[in-house]
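Peer 1: next input, structure requested:
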Amino acid sequence: MAATAQKLTPIPNLERISQRVIRILGCNPRPLTLQGTNTYLVGTGPKRILIDAGDPEVPDYINNLKKALKDFQSSIQEIVITHWHKDHVGGVQDVCREVLQSSDIKVSKFSRPEGHEEYNIGFPYNFVKDNAVFQTEGATLKALFTPGHSDDHMVLLLEEDRAIFSGDTILGETTAMFEDLHTYMASLDRILQIRPSVIYPSHGPIITDPVDKVTNYINHRLTRERQIEETLGQDPNAWLTSMELVERIYVGLADGLKHAANINVCQHLLKLVKDGKVEFEERDGTKVWKKKCQSNM
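Peer 2: Numbers count the residues shown, from 1 in each chain. Next up is the predicted model:
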C-alpha cells in the first residue's frame, strides 16, 4: 500500500505492456492503493501466470480479467502472490469461483513468520523459498525475498527481460509504506543490485528509469531520517510524540494520510533508537521521543 495526496496518472483497466506482460487494474482505487492494485498476466502461451489478484468482491476486475484471458486466448496456470495484504490476495477466491470455476490451482507465496496469520483463501497456499522459480511458456520468474513493506514480501524477476515486478516495495508514484525500515532498506539495495531494465509496480504506472527510482527511494528515506533528527534537535530537551513530528515534518499533509505518515515516522524512530541517536519514554501509554545526548569522549 501507498500514501498519497497528489494527482495520479490514469491507468487503463486492461493493457498489454510488453510481449510477455498484460496488466489488469484491480479497479479498487483509494488513498492507500492509488489507482488500484496492478495485477499481471505473464507469459506468451495458452497458460499464463497471474501475479496478485486484487481485492475481494470487485466485479469490474473479474470482468477485465476474463476479457484479458479471452482476448489473448489463454487461461491461468497458477497465481503468485507478492504478499499477504488483502488488496493483493483478497481476490483469489473470486478468481477461482468466477474465472476458473475451480479451486484446483496453485497459489504461491512466501510464508509469514510463525505466529502471524495468513489471509484465508479457503485452501492451502504453496509456500516457496527465496530464489524459487516459476516457469510458463515465454517467461521465467524468480522469486526474491524482499521484506520490509511486509514480513513475507517478494518481488519477481522476469529473467527474459530483466524486469522486476516490485509489489509494494517500489511504487510507480509516491513512496511506499513499510513495517520494518531496516529490512526495507536492505530490500531496496537488493533490487538496486539487479539493475533491472524496467519495474512493474503493484500500484502506479510503469517505472522506466528503475535505477534512478530505487536510488531516489533510498535517498528519500535517508533524507526523512535527517529531518527527524533535525526536528528533535531543535529543542534537545523536548519530548515529542511521533504525531507531533508528523505535523512538523509533513506540513500540509491531508488528515487522512497522517496515520500512514505516522507509521513511517515511528519506523524511522525505532531505527534511530537502534543507532543510539534517539531515546524514548512511555507516558500515559504513549511513546515520546527526544534526541539522545551524545557524551563527549
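Peer 1: so what's the gap between the longest helix seen in the chain and the chain middle?
Peer 2: Taking DSSP state H as the criterion, the chain has its longest helix at helix 210-233. Relative to its chain's centre, helix 210-233 lies at 18 Å (CA atoms, centre = their mean, to the nearest Å).
Peer 1: that helix packs against which elements?
Peer 2: helix 181-194, strand 198-201, helix 242-249, helix 258-274, strand 278-283, strand 286-291 (3 or more CB pairs under 8 Å, 6 or more residues apart in numbering; DSSP states H and E). Placement of C-beta: from N, CA and C, glycine included.
Peer 1: now do the helices in the stretch 1-150 of the chain.
Peer 2: Assigned by DSSP state H, counting those that start in this stretch, the helices in the stretch 1-150 of the chain fall at 59-71, 86-89, 92-94.
Peer 1: which one of the ones you listed lies closest to Thr174?
Peer 2: Nearest of these to Thr174, taken as CB to CB: helix 86-89 at 15.3 Å.
Peer 1: what average pLDDT does stretch 216-226 get?
Peer 2: Averaging pLDDT along stretch 216-226 yields 94.
Peer 1: can you count the residues close to the closest residue to His88 other than its chain neighbours?
Peer 2: Excluding its sequence neighbours, the residue lying closest to His88 (CB to CB, 6 or more residues apart in numbering) is Asp52, at 4.5 Å. By the criterion of other CB atoms under 10 Å, Asp52 has 27 neighbours.
Peer 1: wait, isn't Val92 in contact with Ile79?
Peer 2: Yes - using CB atoms under 8 Å, Val92 is in contact with Ile79, at 6.3 Å.
Peer 1: overlap of the contact sets of these two?
Peer 2: By CB atoms under 8 Å, 6 or more residues apart in numbering, Val92 and Ile79 have these common neighbours: Ala53, Val107.
Peer 1: picking that back up, out of the helices and strands packed on helix 210-233, which gets the lowest mean score?
Peer 2: Across the helices and strands packed on helix 210-233, the lowest-scoring stretch is helix 258-274, with a mean of 91.
Peer 1: and that helix, what does it pack onto?
Peer 2: helix 181-194, helix 210-233, helix 242-249, strand 278-283.
Peer 1: pipe the ones you listed into a markdown table and attach mean neighbour count and distance to Thr44 per row.
Peer 2: Shown next, in a markdown table, are those (neighbours: other CB atoms under 10 Å; distance: least, CB to CB, whole Å):
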| stretch | mean neighbour count | distance to Thr44 |
| --- | --- | --- |
| helix 181-194 | 18 | 23 |
| helix 210-233 | 16 | 23 |
| helix 242-249 | 17 | 47 |
| strand 278-283 | 14 | 52 |
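Peer 1: in JSON lines, list these along with distance to Val155.
Peer 2: Shown next, in JSON lines, are the helices and strands packed on helix 258-274 (distance: least, CB to CB, whole Å):
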{"stretch": "helix 181-194", "distance to Val155": "6"}
{"stretch": "helix 210-233", "distance to Val155": "11"}
{"stretch": "helix 242-249", "distance to Val155": "29"}
{"stretch": "strand 278-283", "distance to Val155": "30"}
